[in-house]
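Enquirer: Sharing a model prediction with you, sequence too.
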Amino acid sequence: MSVQLPSFARGMLRYRSTRITSEGLQFLIFALAIGIAAINTGNNLFYLLLAMMLSLILVSGIAAEYCLRRLEFRRHVPDLLFTNTAVTIGLVVKNRKTRLTSFSLRLCDVSDDHVISPLMEIRALPPGESRLLSYQLTPIRRGRLRLSGVQISTEFPFGLFTKRTCFPMEDMVLVCPELQPIHERLLRGLRTAGHEQSVHRRGHGSDLYNLRLYHAGDDSRSIHWPTTARTSQLTIRETEAEEQRRAIIHVSTSVPASHEALFERAVSLAASLVQHLTHQGYSLQLRIGAEGSSFGQGDTHRVELLRMLALCQRTAPTAMSMRQDEWPGGYLEVNEGGTVVLVQAWSDSRDGEAELPRVFVDGELISGAAHAD
Amino acid sequence: MPISQALHLTSMLLASASFIGLTLGAGLPEWLAALTGATLIAVLLRNIGIKSVERFTMQMPVSAIGWNLIVLGGFSGFWIDLLWISGDLLPAGLHFLMILLVIKLFNLRLRRDYLHLYAISLVAILAAGSLTTDLWFFPIFSVYLLAGVWTLLLFQLTKHSEVSGDVGMVMPIQQEYYEESNRVSPRFFWMANGLAGGAFLITVIIFFTIPRVTAGVYQKGFGENIRTSGFSDRVNLGSIGTIKRDPSIVMRVELPKSPSRDSRPLYLRGVSFDRYDGKVWTNQLSHRRSLIEESPGTFVFRGKQAVARVQRGEAIQQKILLEPLDTSVLFAAPFIEGVSGTFPSLFFDDTGAVYLPFPSSSRIEYTVVSRPTVLVPSDFGYEPSQYPETLVRHYLQLPLQSDRITTLAEEVTQRQRNAYEKATAIQTHLTSNYRYSLDAPLAEQQQPLEEFLFSRKTGYCEHYATAMVIMLRTIGVPARLVTGFMATEWNDYGNYYVVRQQDAHAWVEVYLPYSGWIRMDPTPTEDNPAAGGPVWQVFGPMMDNIRLQWNRLFVQYSAADQLAVVREFKAEGLSVQTKALDSVTALFGSFMAVLSGMVTHDMSQVRIGLLGEILGIVMIGLAMAFWLGRSQPWATTSFWKMTHSDEQVIAQLYRRMRTYLTGQGFSSSTAIAPLELVEITRTRWREAHSAVALITELYCRTRFGHIPLTSEDVKQAEGYLCRLLELPKP
């Protein structure tokens, strides 16, 4: 059973750090000089001035402490972040004190002891009021971004010291790979492969799939009237399903450490493909190394695939991993129809130079598929 | 008022406080004081927005280089002042400081300039503290503290933000502006004054508790000592008359063991003189020897050092606060037995006078135990007096004079048989037949004593004392002239004697064979001017008492006082309850005593008691402020209480409504906002919509808008809730 500390005790135990400002340093030097003069001369009026300066230091600490107490924070973060893409993050600060205004607050967002936001300043936050602050965050790495808390500091009241504390506020957000426009050659390759390997199935769509006799329960709006008139039998027009287009995106993860940057570009290219093909209505499956997703469509599935790409890791090349990264011709799904896109950052057949990731569409290399930076 | 303008004003106030302090303490040259004062007023008017002053100051075409050159010129002036005008580092430095202040006031552009101004003002107030110990420093210091808190506060709030260097992704700082934060609001006003008050209280606490580690012996003073006369080894007849019209306070004397007023005046002996040449008194026995230091700071007469006395009277303890004088004599009631104070050493001469090693340049406080001689019956006998040779040589010396004085002395004492009776007869003669007057320019006369005794018959204490001494010596009675002060002014508020320059006095000590040196005063009472005076004079003693307490508690406060306070607490530490009771009793008892001046008590306890009072009041003040801040008793009244109670009632009704709707399947998640719930009922349960909307509106109005509910509102909400609960399930 955990013991709940009273709020004031929690407040006292919360870590505070105090740094002296340049003005504060000058102030302390003056105080020290007056102290020496007081000791040297025994002049009580010097002691009085020294006491005044010490009291200002003390008041400074107390007022700064009150300034930072009973503040409440909320953070608004988008669900998905993309590498090298700026997003706006909102911070709401509320002063829960009943009578005292908090002055000169400076806030910044902290991720694992690193400040990730610019300093944001609130000059005065009256009691009971709240302020919304926002800042632009541009993640530089994919993966999980842990926003651990809000660092808040104040130089109130006299600017002699900066009192700083960190309010824990955990938020875990996913940073997806950077999305880039798909190269025209790759788009052309995808279109060609789509036409050649499309699977004709009945379903909702606009293209004609088949004509058949009317059965009870069929939608009367689907009756093909010209054929009905010609044959004198109610004939139904069936359409070809549009969502039939399927694709498997395979990202090879067997990449030596020297090709880390190339791997990141391959992942980014795969994420861009996921984004593009989802918008094109493809049913997608993503295979990363030995792992893979099921086929799916829509935004939820897209987010799931992007999440996989955000978290995938490079592995050192081994015989097994390289076998998995070879052309996946035996996939059952492929036999049922669909496009297989292999995104390869490295292959032992290459000479090892850092170039662009290679893209195979249905086993055919699309040269120049990736954008050069 | 905008914060930036408030910062200008408080900066001016800060500079003004330090300037006034320095002017009062150092006595700046008139031209410099006028220049600085005029500059302060001009800059203040410019900040207030007086157009003509703004135009005038804007027309000063001085660039940054020009200001630097002016500063260099001022620095050159400092050296000229140091070498040829003042000839001393401190006054020259202070003059340069004021010049810097003037330059900086005209050149307040950057924040750095403001910092320079604050540093100059701090040095100025520090210099004022080193140059004075007068009471006026306290209000100046208080104003400086208030202005300092305001200035630092506003300076911080107007500080422009700087980009932090440790930010990984550097972006410009975001700063939030809104109208209220740029103005001094009433809330800000009270907050700043509260901070200043808190800082003041903490200052007092720290001042009394900070350990006193004093490397120096005396406080260094810079002000001129009070000029006295009559207390050196050589005194012209009539020299005391020059200071008899000066009301400056030279000392305050407390009598700890008899704090009530005595109808008799208190004679404070300085030095005595044995040789008179007709115009000048000299002390031939002025050879000084060291007094024995019995314990640190306590000096006593021992053995041969003690002045021979046959019988001693009751001891008189005096606590004396002596202003800086131009003499090294320590004054006390005759005859001194021991002296306590922070002295490195003390000296005495053969006449019983006690001296410092050198005149003190600051106030000193010392305690003296004196024991007067008493008249013994043997001296009333008719035996012819026999005196030691030393006494005869020094105290029967006579100047060249006419026989008229001898004849007069014999005439006055012809019927008396012993020395005491003769002395009394001469004293009576002088007090009866002569008139006191300060308008007696006898010093210019060739034979001032004869002029006094036979022609003018008016004079003041020196003439009377000299006449008596010479008349006694002519008839063979050893006598000497003593100078000192006669304290008659009693301060009822502080229970002490106030001694002024005009109380300087001369009297006679007559040597009697069995009693020793007996004090006699032949000066008749001065014709006092009419009693009373302006109403404000009534406050004089009160102000003087405040001045004394300022000196005791602030100027003279020392490590010994701190130890005394600790000992006092230890001694009284019988039990926590008893101590608390005693402290409360002592606090209010002593406080009332000081206010009324009616209660008699030991003055050493008053000092500790006063210190305890101040600390006690400060602590009580802090405790009350803390209590008020925590409990906010004003918040328990009327509006707030009603609002708080309304909030609880409507929140309870809303909670019941929400629970009911959850049971009906409308509010399965707590994430549904109040207005969202209203919208849901509008679409899915139209019959309940009006009730839900009203209760929600009242709830939001009270909970978030802090608008109080009326009793009708509450009744209406309750009615709607009942109706909602009675509705058939959807």
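Expert: Sure, I can see it.
Enquirer: does residue B:374 really touch residue B:515, like I thought?
Expert: Yes. Using C-beta atoms under 8 Å, residue B:374 is in contact with residue B:515, at 6.8 Å. Quick note: C-beta positions are derived from backbone N, CA and C, even for glycine.
Enquirer: between these two, who's got more neighbours?
Expert: For residue B:374 versus residue B:515, the count of surrounding residues by other C-beta atoms under 10 Å in any protein chain shown is larger for residue B:515: 21 against 14.
Enquirer: Can you get me a residue count around residue A:226?
Expert: Here the number of neighbours of residue A:226 (other C-beta under 10 Å) works out to 9.
Enquirer: What helix or strand is it located in?
Expert: Using DSSP states H and E, residue A:226 maps to helix A:225-231.
Enquirer: what helices or strands is that helix leaning on?
Expert: strand A:235-239 (3 or more C-beta pairs under 8 Å, 6 or more residues apart in numbering or on different chains; DSSP states H and E).
Enquirer: and the gap between residue B:91 and chain A?
Expert: 18 Å (C-beta to the nearest C-beta, to the nearest Å).
Enquirer: Oops, could you answer that again for residue B:2 instead?
Expert: Counting by C-beta to the nearest C-beta - residue B:2 and chain A are separated by 13 Å.
Enquirer: Surely that residue and residue B:183 touch.
Expert: Yes. Under the criterion of C-beta under 8 Å, residue B:2 makes contact with residue B:183 at 5.8 Å.
Enquirer: Which pLDDT value goes with the closest residue to chain A within the stretch 351-500 of chain B?
Expert: When scored by C-beta to the nearest C-beta, the stretch 351-500 of chain B has residue B:362 as its residue closest to chain A, at 8.8 Å. For residue B:362, the pLDDT comes out at 74.
Enquirer: With residue B:51 instead?
Expert: According to the prediction, residue B:51 has pLDDT 69.
Enquirer: same question, residue B:142
Expert: For residue B:142, the model assigns a pLDDT of 94.
Enquirer: Based on its surroundings, how many neighbours for it?
Expert: Neighbour tally, residue B:142, other C-beta under 10 Å: 15.
Enquirer: Okay, and it sits in which element?
Expert: Residue B:142 is part of helix B:137-157, with elements assigned from DSSP H and E.
Enquirer: What helices and strands are in contact with that helix?
Expert: helix A:44-68, strand A:102-111, helix B:3-26, helix B:111-131, helix B:186-209.
Enquirer: I'd like to check the angle between the second one and helix A:44-68, please.
Expert: Think strand A:102-111. 60 degrees (axes from the mean of the first three to the mean of the last three C-alpha atoms, to 10 degrees).
Enquirer: which ones are touching the closest residue to residue B:357 other than its chain neighbours?
Expert: In space, and not counting its chain neighbours, residue B:357 is closest to residue B:345: 5.7 Å by C-beta to C-beta, 6 or more residues apart in numbering or on different chains. Applying C-beta atoms under 8 Å, 6 or more residues apart in numbering or on different chains to residue B:345 gives the contacts B:290-291, B:293, B:357.
Enquirer: burial count for residue 102?
Expert: You didn't pick a chain, so chain A it is. 25.
Enquirer: I was after chain B.
Expert: Residue B:102: 23 surrounding residues under other C-beta under 10 Å.
Enquirer: Over to residue A:129?
Expert: There are 12 residues near residue A:129, going by other C-beta under 10 Å.
Enquirer: Surely it touches residue A:94?
Expert: Yes. If you go by C-beta under 8 Å, residue A:129 and residue A:94 touch, sitting 7.3 Å apart.
Enquirer: by how many degrees do the helix holding residue B:142 and helix B:186-209 diverge?
Expert: Interaxial angle, helix B:137-157 versus helix B:186-209 (the same axes, to 10 degrees): 130 degrees.
Enquirer: from the middle of its chain, how far away would helix B:137-157 be?
Expert: In this view, helix B:137-157 has its centroid 20 Å away from the chain centroid, taken as C-alpha atoms, centre = their mean, to the nearest Å.
Enquirer: same deal with stretch A:130-143?
Expert: Centre-to-centre, stretch A:130-143 and its host chain are 10 Å apart (C-alpha atoms, centre = their mean).
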